[in-house]
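Colleague: Here is a sequence together with a model predicted from it:
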Amino acid sequence: MKKLLRILDRFMEVFSVASLAIMLTITVFQVIMRYVFNKPTSWSEEITLFALVWFGYVAMAIGVRRILTYLWNFSMTISEERERKYWTSADICSCLHSLS
């Protein structure tokens, strides 16, 4: 399971970098076409927006996963048994709230 999560994390990181590269390349291409050749493309803005939206989704997923992992490790290493139950229930409630 951990290997699958590592592979998924790596895929999301590569996807987000590729998405940013696509946005940058298409935006530079659009600027050159518009101001140098005076022939703007009709498709570049839609693809850039599509890449931006998916970059946002993937970046949020990466951020949530890393923060939950850090919070879980922090709460389990320094807490006593009674506090662990509190942190575990707080983590579950925050996850449920995120899903709703």
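Modeller: Received it, and whenever you're ready, just let me know what you need. Residues are numbered from 1 along each chain as shown.
Colleague: From here on, just use CA atoms for contacts and neighbour counts.
Modeller: OK.
Colleague: Let's check: the centremost residue of this structure is which one?
Modeller: Compute the mean C-alpha point of the chain, and by Cα atoms, centre = their mean the closest residue is Ala59, 1.2 Å away.
Colleague: I'd like to know how far it sits from Arg66.
Modeller: The gap separating Ala59 from Arg66 is 11 Å, by Cα to Cα, to the nearest Å.
Colleague: Ok, Ser42 next?
Modeller: 38 Å.
Colleague: More neighbours: which of those two?
Modeller: Neighbour count, other Cα atoms under 10 Å: between Ser42 and Arg66, Arg66 has more, with 13 against 9.
Colleague: ok, the more buried one to Leu5 distance?
Modeller: 12 Å.
Colleague: For the protein, which segments count as helices?
Modeller: 2-35, 44-78, 81-99 (DSSP state H).
Colleague: Mean pLDDT lowest where, among those helices?
Modeller: With a mean of 67, helix 81-99 has the lowest mean pLDDT of these.
Colleague: ok, now which ones touch Gln30?
Modeller: Pro40, Thr41, Ser44 (Cα atoms under 8 Å, 6 or more residues apart in numbering).
Colleague: Just confirm the first one contacts Thr27, I think it does.
Modeller: Read it as Pro40. No. Pro40 is beyond contact range of Thr27, at 11.1 Å (criterion: Cα atoms under 8 Å).
Colleague: Report the contact partners of the residue nearest to the centre of the chain.
Modeller: Met12, Ser16.
Colleague: what does Val58 give?
Modeller: Met12, Phe15, Ser16.
Colleague: Show the buried residues in those residues.
Modeller: Neighbour counting by 16 or more other Cα atoms under 10 Å classes Met12, Phe15, Ser16 among the contacts of Val58 as buried.
Colleague: Can you lay out these as CSV showing distance to Cys93?
Modeller: Below are the buried ones among the contacts of Val58 laid out as CSV (distance: Cα to Cα, whole Å):
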residue, distance to Cys93
Met12, 26
Phe15, 30
Ser16, 29
